[in-house]
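Q: any chance you could fold what I've pasted below:
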Amino acid sequence: MRCIAANRSVLTTLDQNTTLADYDGTNCTTTTNDIDSTDIVQFADGWYSYPDLNTFDSHLLLGTLTLRNIKPSKALSPWNAKLDNSTTIPLTEIATRQLEALFNLSQLLFGLARGEQSNYTFRDLQLGHPPRRFREAGFNKFPNNNGSAGFFGTFQLIVNEILKSGAIDIVYMMYKDPRIRCVKQKSLDLLTNITTLNEIGYFILDRYCQFLIQLIQGIRDGHLIEEKIPSLSVLIRLCKVIVEKNLLNHYQHLIDMQFIDILIDLFEYQQYKTNESIVYFIKFESLALQCLYIMLQCASHVDMWSEKAQIRLVNYCCTILYKSILDDDDKCDDYSKRIEINHILYAEQHEMIHSLSYSILTFLSIVRCRKEIGRFYRENEHFRELLNAMRQ
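A: All right, here's what the predicted structure looks like:
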């Protein structure tokens with residue numbers, strides 16, 4: 001068995017030509033065609049791939065993630081829930097194995113939640129290999145019924161195993177560790193998958209009292225792709241629990257952090273509407289407005305927000321509606337000549353899911369709660385502009 005360094009990694013989109021030395025210190029790299037299935041592969045940013053973990057065997061992956069088969073005295077990893085000062089521990093081989101297990105377990109859950117039978121393992125994705133069928137890659141917990149009900153039942157089974165194993169504590173520790181790129185993103189991906197079940201969302205809110213605040217901070221300050229978008233995916237599921245169970249203490253955190261203003265400021269950030277970021281901004285905005293719609297379904301919750309926040313949000317929804325009804329003459333195929341792209345038209349032309357529907361729903365959620373609705377319609381400049389444009 002060799003440990004070699006690959007010269008390609010999708011984890012380092014800005015440094016794809018970075019070369020890494022292998023364990024032998026020869027300072028050489030290899031192409032993906034030279035990598036054997038028995039090789040340990042070193043990628044950029046501290047990630048490794050181990051041949052035995054190139055699998056969707058949930059029992060093996062969960063055991064690796066939770067250090068199930070390692071004696072406590074030998075479990076040297078910063079992500080060991082039994083240790084007090086985990087941040088002082090270096091990234092050992094055990095820790096890098098936990099990373100790959102986290103990645104593949106998240107990929108498995110993503111597929112099961114959507115009734116799919118295949119996905120990429122970490123190794124496959126890095127080396128440009130095709131996705132693998134779960135059954136053929138070690139997953140043996142499918143029922144005889146392959147229908148959607150069978151898939152979801154299997155998904156629930158794996159999520160319950162994750163809960164009972166204590167793996168969520170490990171994933172939360174990984175989420176808070178800033179040392180390796182993309183660990184936060186993959187931790188959030190797994191948390192997004194398991195919080196599809198409301199009872200898991202409630203468990204997480206109850207167990208990790210700072211997590212909601214940390215998510216909002218990540219949406220405000222984090223990288224658009226690696227933290228803002230995956231944080232929103234988790235927050236959407238947690239907000240469903242908060243609203244359904246009327247958890248006002250948690251809801252108050254959203255208000256205290258000025259979550260609506262955070263999102264509007266990000267919506268208005270011009271750099272996200274350039275060619276380099278537009279695709280990710282469209283996804284971010286769509287998720288954000290879906291989250292806001294969930295938060296504002298109840299009139300009593302709407303009233304908890306300041307009038308300033310409500311007006312800013314309504315105005316932005318009107319802006320989206322206005323962009324959606326522009327004439328064809330206003331469309332431009334040469335987006336490189338624009339300083340700011342009309343992202344709604346861009347999404348329509350590229351058949352992408354966008355925020356228009358949630359903008360309408362969010363708009364209605366707020367205006368229906370206004371006591372002087374007639375006055376609101378008359379005085380809201382953005383709404384008048386929208387009506388005038390629709391009459392033309």
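
Q: residue 288 contacts residue 232, correct?
A: Yes - counting by C-beta atoms under 8 Å, residue 288 does reach residue 232; the two are 5.9 Å apart. From N, CA and C alone the C-beta is placed, and that goes for glycine too.

Q: my guess is residue 41 is in a helix, correct?
A: No - counting by DSSP: H, G, I helix; E, B strand; the rest coil, residue 41 is not part of a helix but strand.

Q: which one is residue 229 nearest to, not counting chain neighbours?
A: Leaving aside its chain neighbours, residue 229 sits nearest to residue 284 (5.4 Å; criterion: C-beta to C-beta, 6 or more residues apart in numbering).

Q: got it, and residue 286?
A: Residue 286 sits nearest to residue 355 (C-beta to C-beta, 6+ apart), 4.4 Å away.

Q: let me know the pLDDT of the one you found.
A: We have a pLDDT of 89 for residue 355.

Q: confirm residue 98 sits in a helix?
A: Yes - counting by three-state DSSP, residue 98 is found in a helix.

Q: number of nearby residues for residue 237?
A: Using other C-beta atoms under 10 Å, residue 237 has 22 neighbouring residues.

Q: name the SS class of residue 310, please.
A: Per three-state DSSP, residue 310 ends up helix.

Q: my guess is it contacts residue 301, does it?
A: No - assessed by C-beta under 8 Å, residue 310 is found out of contact with residue 301, at 11.4 Å.

Q: the chain: strands as residue ranges?
A: Ranges of strands within the chain are 3-5, 40-42, 48-49, 118-119, 132-133, based on DSSP state E.

Q: neighbouring contacts of the fourth one?
A: By C-beta atoms under 8 Å, 6 or more residues apart in numbering, the residues outside strand 118-119 that reach it are 56, 107-108, 110-111, 131-134.

Q: pull up the pairing partners for that strand, direction included.
A: Next to strand 118-119 in the sheet, as set by DSSP bridges, lie strand 132-133 (antiparallel).

Q: need the helix or strand of this structure with the lowest average pLDDT.
A: strand 3-5 (a mean of 50; mean pLDDT, DSSP states H and E).

Q: show me the contacts for the residue positioned nearest the centre of the chain.
A: By C-alpha atoms, centre = their mean, the chain has its centre lying nearest to residue 230, at 1.8 Å. Contacts for residue 230 (C-beta under 8 Å, 6+ apart) come out as 184-185, 188-189, 192.

Q: residue 341 now?
A: Residue 341 neighbours (C-beta under 8 Å, 6+ apart): 273-275, 278, 335.

Q: and stretch 351-363, C-alpha only, in PDB?
A: As requested, the backbone C-alpha atoms of stretch 351-363 are provided in PDB (Å, rounded to 0.1, in the frame of the first residue of the first chain):
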ATOM      1  CA  GLU A 351     -33.800  27.100 -16.200                       C
ATOM      2  CA  MET A 352     -32.600  27.500 -12.600                       C
ATOM      3  CA  ILE A 353     -34.800  27.500  -9.500                       C
ATOM      4  CA  HIS A 354     -35.000  31.100  -8.200                       C
ATOM      5  CA  SER A 355     -36.600  33.200  -5.500                       C
ATOM      6  CA  LEU A 356     -39.700  34.700  -7.300                       C
ATOM      7  CA  SER A 357     -42.300  32.400  -5.800                       C
ATOM      8  CA  TYR A 358     -41.000  32.800  -2.200                       C
ATOM      9  CA  SER A 359     -40.700  36.500  -2.800                       C
ATOM     10  CA  ILE A 360     -44.500  36.600  -3.500                       C
ATOM     11  CA  LEU A 361     -45.300  34.500  -0.500                       C
ATOM     12  CA  THR A 362     -43.100  36.500   1.800                       C
ATOM     13  CA  PHE A 363     -44.600  39.700   0.500                       C
END
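
Q: now that stretch: buried residues?
A: 354-356, 358-363 (16 or more other C-beta atoms under 10 Å).

Q: how far is that stretch from where the chain is centred?
A: 19 Å (C-alpha atoms, centre = their mean, to the nearest Å).

Q: same question, stretch 306-324
A: Centroid separation for stretch 306-324 versus its chain: 25 Å, with C-alpha atoms, centre = their mean.

Q: and what of stretch 177-194?
A: 8 Å.

Q: please point out which parts of that stretch sit buried.
A: Those would be 177, 180, 182-194, for stretch 177-194 by 16+ other C-beta under 10 Å.

Q: with stretch 130-138 instead?
A: 131-132, 134, 137-138.

Q: closest one of these to residue 252?
A: residue 134 (41.8 Å; C-beta to C-beta).

Q: check the gap between that closest one and residue 198 for me.
A: 25 Å (C-beta to C-beta, to the nearest Å).

Q: hmm, who's touching stretch 284-299?
A: 224, 228-229, 232-233, 235-236, 239-240, 242-243, 251, 254, 259-260, 263, 266-267, 272, 301-302, 305, 313, 317, 343, 353-355, 358-359, 361-362, 365-366, 368-369.

Q: and the residues you listed, which are buried?
A: Of the contacts of stretch 284-299, these count as buried by 16+ other C-beta under 10 Å: 224, 228-229, 232-233, 235-236, 239-240, 242-243, 251, 254, 259-260, 263, 266-267, 272, 301-302, 305, 313, 317, 343, 354-355, 358-359, 361-362, 365-366, 369.
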